[in-house]
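Asker: My questions are about this predicted structure, shown below with the sequence.
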Amino acid sequence: MIDLPSTVKISFRALKVNKMRSLLTMLGIIIGVGAVIAMLAVGTGARQQIAEQIASMGSNLLIVMPGSTTSGGVRMGSGTQPTLSMADSEAIIREATSVAYAAPVLSGIAQIIYGGENWSTGIQGTTPSMLNVRDWNLSEGRPFTMEDVRNATKVCLLGQTVVDNLFGGIDPVGQSIRIKNIPFTVIGILEEKGQSPNGQDQDDTIYVPVTTAQKKLFGTSFPGMIRIIMIKAKGPEYMDQAETQLDELLRQRHHIQPGRDSDFSVRNLTQMMQTAEQSTAVMTLLLGAIASVSLLVGGIGIMNIMLVSVTERTREIGIRMAVGANTWDIRTQFLMEALALSLIGGVLGIAGGMTGAQAISAMAGWPTIVSPMSILLAFCFSALIGVFFGFYPAYKASLLDPIEALRYE
Amino acid sequence: MALIETKQISRIYSMGDVEVKALDNVSFTIDKGEFVAIMGASGSGKSTTMNILGCLDSPTSGKYLLEGMDVSKMGRDELAAIRSKKLGFVFQGFNLLPRTSAIENVELPMLYSGMHARQRKNKALEALNLVGLAGREHHTPSQLSGGQQQRVAIGRALVNNAPIILADEPTGNLDSKTSVEIMELFVKLNAESNITIILVTHEPDIATYSRRLMKFSDGHLISDTTRGMQ
Ligand SMILES: Nc1ncnc2c1ncn2[C@@H]1O[C@H](COP(=O)(O)OP(=O)(O)OP(=O)(O)O)[C@@H](O)[C@H]1O
Ligand SMILES: [Mg+2]
């Protein structure tokens, strides 16, 4: 039986006889593997980005939004009428045991001025709990306190985008800005968070005490009116329980009869984000699957060339059999050739795919990540292709009749 | 025990309805160290006999004993192992691997008998030396004359120390002067290394190098004569 180094040597020599042909056959695998690597890199990059964005939103998030209200038999659109109040928010903190933090939010768009600069942005009136709900730290200064909320003081926290647009290198903390022409003192800067999963700039925001927003900035149609309540559950395992508790508590507080629609809705933000992440995962898989089709085509190319090669070298096979080569010897020789084609193609394809991924990053600006897993996968897959598509030609070669093979012209 | 013993071997080729009896109930024995020439008209079954003796083909019926082993019922891989250990072939058309050096062609049988690279090389050089091709190791077949190519083939046939060399018209493609050289090489191998040589030829001159002459006609062995010592 033939030894491995000799088999490898014979295979490489055979491939060298038809350099161009071997190269073109490999090209099929190179393109296939390259496409798989590049597509997986795009998908993995997108997934990673979304995962980071989700993490930046804060974990275990629920959001209570106003639902549709019925006034005089006319049902208003969902979320159009404010139905939530400060009292709801306080009741949640008191009574919903699965909730770690709850922060009321009254928000609106307003123009802000500092010196000669102005900027329009979303103002969120809220409580200090907001920073806990969102897992958000300050890069500078101090947060506002419950004392500030009680007294409706005119203090604010600025997002990094607001800082960048209003303050050219000046330390904003301690400065006075005007929101709707009312002077506010900047007491802290929020750490940079980047984009949210739906593409919004989370740093383009200003936090003020909720009471200040109610009294000075946006006004209320009923006392203690807020728009939404942001909630952080005690842990991922509390999410469902928290949802039920919120629903029951608020229905009771809003005196909603059994069988009637709630005038609010509770949404599981974390779940919504995870859905987004899952759909990217599916996308990645789909892209990879489409790319593997070209790998399959490359494999068929190998099979085709190996069949041609077996026919061309029938006489050589006969000679080898006459001098003692058995079924295994012939089979391994041709399998090795197919394997060499697919593995060299695979390695070049991996290099090509990595270059391609970088080019996509550079040109389209998408984040791409070539994971070691995808490289391993591509390598094993090309080996598998070599063995799979090389097997039939090798099998055919090994079963040739020695006499007929020797006589073959 | 005879080295080779055939007991009523037949080889029938069936092509559709037509049956061709290439060999019909042929029995003979060949002892170790014999030099046998086989002659006969074209189509008389000489090559068919050689293929069966060479374990490239199996008889349709009858028994073929090689060193007492019944090889007529063996499978592909068992036959391959026997070819590797016991048999060397020399063909009319040389049948060397193209684009492959003389030494690598000679190494080929050892590749499949599982010899180490170093030993392969030494034995191949020895064999090339024996057939008078020292210094031509790295020539490829296209760089060698017909006689030289046949010498490479003989080197390849004897390199595994096979006790039997089967040569089917080994001088058929060579001029008479080169034929004589090749035949002298066979005689030398037979005399010095006690290798059994069985050789098919159409030329009576070539047949005179052997002591025993078997004649075939129409699939039958019609005469089998051994000359006395000269
Ligand atoms: N593969 C085959 N299929 C069918 N018939 C065959 C086959 N091989 C040989 N034969 C037939 O068997 C008979 C013997 O052929 P063989 O090759 O043994 O003749 P030979 O004596 O070697 O002739 P030559 O001197 O021309 O080489 C011939 O009639 C031939 O047609
Ligand atoms: Mg013949």
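Answerer: Looks like it arrived, so ask away. Just so it is clear, the model here is predicted, and its values are computed rather than measured. Ligands and ions are numbered 1, 2, ... in the order given.

Asker: Nearest spatial neighbour of the residue in the stretch 101-250 of chain A that ligand 1 sits nearest to, chain-adjacent residues omitted?
Answerer: The minimum distance from the stretch 101-250 of chain A to ligand 1, using C-beta to the nearest ligand atom, falls at A:Pro197 (73.5 Å). Every residue, glycine included, has its C-beta placed from N, CA and C. Counting by C-beta to C-beta, 6 or more residues apart in numbering or on different chains, A:Pro197 lies nearest to A:Gln53, which is 4.4 Å off, once chain neighbours are set aside.

Asker: same thing with A:Gly386?
Answerer: Once flanking residues are discounted, A:Gly386 sits nearest to A:Ser342: 3.1 Å by C-beta to C-beta, 6+ apart.

Asker: Let me know the pLDDT of that neighbour.
Answerer: Note for A:Ser342: predicted pLDDT of 96.

Asker: In a helix, it, correct?
Answerer: Yes. The assignment for A:Ser342 by DSSP: H, G, I helix; E, B strand; the rest coil puts it in a helix.

Asker: my guess is B:Thr226 meets B:Ser210, correct?
Answerer: No. With contacts counted by C-beta atoms under 8 Å, B:Thr226 stays clear of B:Ser210, the gap being 9.3 Å.

Asker: Between those two, which is the more surrounded one?
Answerer: Each of B:Thr226 and B:Ser210 has its neighbours counted (other C-beta atoms under 10 Å in any protein chain shown); B:Ser210 has more, 23 against 11.

Asker: Got phi/psi on the spatially closest residue to the more buried one that is not a sequence neighbour?
Answerer: Excluding the flanking residues, the one nearest B:Ser210 by C-beta to C-beta, 6+ apart is B:Ala37, at 3.9 Å. The phi and psi torsions at B:Ala37 (degrees, to the nearest 10) take the values phi -110, psi 140.

Asker: same question, the one 4 residues further on
Answerer: The main-chain torsion angles of B:Ala41 are listed as degrees, to the nearest 10 and equal phi -70, psi 170.

Asker: for it, what are its contacts?
Answerer: Neighbour list for B:Ala41: B:Ser217 [criterion: C-beta atoms under 8 Å, 6 or more residues apart in numbering or on different chains].

Asker: again, 10 Å this time
Answerer: Counting by C-beta atoms under 10 Å, 6 or more residues apart in numbering or on different chains, B:Ala41 touches B:His202, B:Lys215, B:Phe216, B:Ser217, B:Asp218.

Asker: so of these, which ones are in strands?
Answerer: B:Lys215, B:Phe216, B:Ser217 (DSSP state E).

Asker: beta partners for the residue nearest to B:Ser210?
Answerer: Note on B:Ala37: beta-bridge partners B:Leu199, B:Leu213, judged by DSSP bridges.

Asker: A:Gly45 sits in which helix or strand?
Answerer: Secondary structure from DSSP states H and E places A:Gly45 in helix A:19-57.

Asker: Show me what that helix packs onto, helices and strands only.
Answerer: helix A:4-17, helix A:269-312, helix A:327-364, helix A:372-398 (3 or more C-beta pairs under 10 Å, 6 or more residues apart in numbering or on different chains; DSSP states H and E).

Asker: Select, out of those helices, the one closest to A:Ala96.
Answerer: Of all the helices and strands packed on helix A:19-57, helix A:269-312 sits nearest to A:Ala96, with 16.2 Å by C-beta to C-beta.

Asker: does that closest one come close to chain B?
Answerer: No. Figure legend: helix A:269-312 not in contact with chain B (C-beta under 10 Å from any C-beta of the partner chain); closest approach 11.2 Å.

Asker: Now do the same for that helix: mean pLDDT, whole number.
Answerer: Mean per-residue pLDDT for helix A:269-312: 88.

Asker: So which elements touch it?
Answerer: Helices and strands touching helix A:269-312, by 3+ C-beta pairs under 10 Å, 6+ apart, are helix A:4-17, helix A:19-57, strand A:61-66, strand A:228-233, helix A:239-253, helix A:314-322, helix A:327-364, helix A:372-398.

Asker: can you pull the buried residues of the fifth one?
Answerer: Same thing as helix A:239-253. Across helix A:239-253, burial judged by 16 or more other C-beta atoms under 10 Å in any protein chain shown covers A:Met239, A:Ala242, A:Glu243, A:Gln245, A:Leu246, A:Asp247, A:Leu249, A:Leu250, A:Arg251, A:Arg253.

Asker: Repeat that for the last one.
Answerer: Applying a neighbour-count criterion of 16+ other C-beta under 10 Å, one finds A:374-375, A:377-379, A:381-382, A:385-386, A:389-391, A:393-394, A:396-398 buried in helix A:372-398.

Asker: So what's the residue count around A:Thr145?
Answerer: 15.

Asker: Need the pLDDT of it.
Answerer: pLDDT for A:Thr145: 93.

Asker: Please tell me I have it right and it contacts A:Thr127.
Answerer: Yes. In this structure, A:Thr145 is within contact of A:Thr127 by C-beta atoms under 10 Å, at 9.4 Å.

Asker: Can you pull the residues that touch both of those two?
Answerer: A:Pro209.

Asker: Below-threshold pLDDT in chain B: ranges please.
Answerer: Along chain B, the model assigns pLDDT under 70 to residues B:228-230.

Asker: top helix in it by residue count?
Answerer: Longest helix of chain B, by residue count under DSSP state H: helix B:176-193.

Asker: Please name the bridge partners of A:Ile109.
Answerer: Taking DSSP bridges as the rule, A:Ile109 bridges to A:Gly122.

Asker: and what of the one 4 residues further on?
Answerer: Here A:Ile113 shows beta-bridge partners A:Asn118, A:Arg178, assigned using DSSP bridges.

Asker: Quick check, pLDDT for it.
Answerer: Looking at A:Ile113, its pLDDT stands at 92.

Asker: Enumerate the residues of chain B near ligand 1.
Answerer: B:Tyr13, B:Met15, B:Val20, B:Ala22, B:Gly40, B:Ser42, B:Gly43, B:Ser44, B:Gly45, B:Lys46, B:Ser47, B:Thr48 (C-beta under 6 Å from any ligand atom).

Asker: Of those residues, which are in range of chain A?
Answerer: Of the residues of chain B next to ligand 1, the ones that also sit near chain A (C-beta under 10 Å from any C-beta) are B:Ser47, B:Thr48.

Asker: Any quick PyMOL command for the buried ones out of the residues of chain B next to ligand 1?
Answerer: A single PyMOL command selects the buried members of the residues of chain B next to ligand 1 (16+ other C-beta under 10 Å):
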select buried, chain B and resi 22+40+44+45+46+47+48
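
Asker: Need the residues of chain B next to ligand 1 in TSV (columns: secondary structure).
Answerer: Formatted as TSV, the residues of chain B next to ligand 1 follow (three-state DSSP):
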residue	secondary structure
B:Tyr13	strand
B:Met15	strand
B:Val20	strand
B:Ala22	strand
B:Gly40	strand
B:Ser42	coil
B:Gly43	coil
B:Ser44	coil
B:Gly45	coil
B:Lys46	helix
B:Ser47	helix
B:Thr48	helix
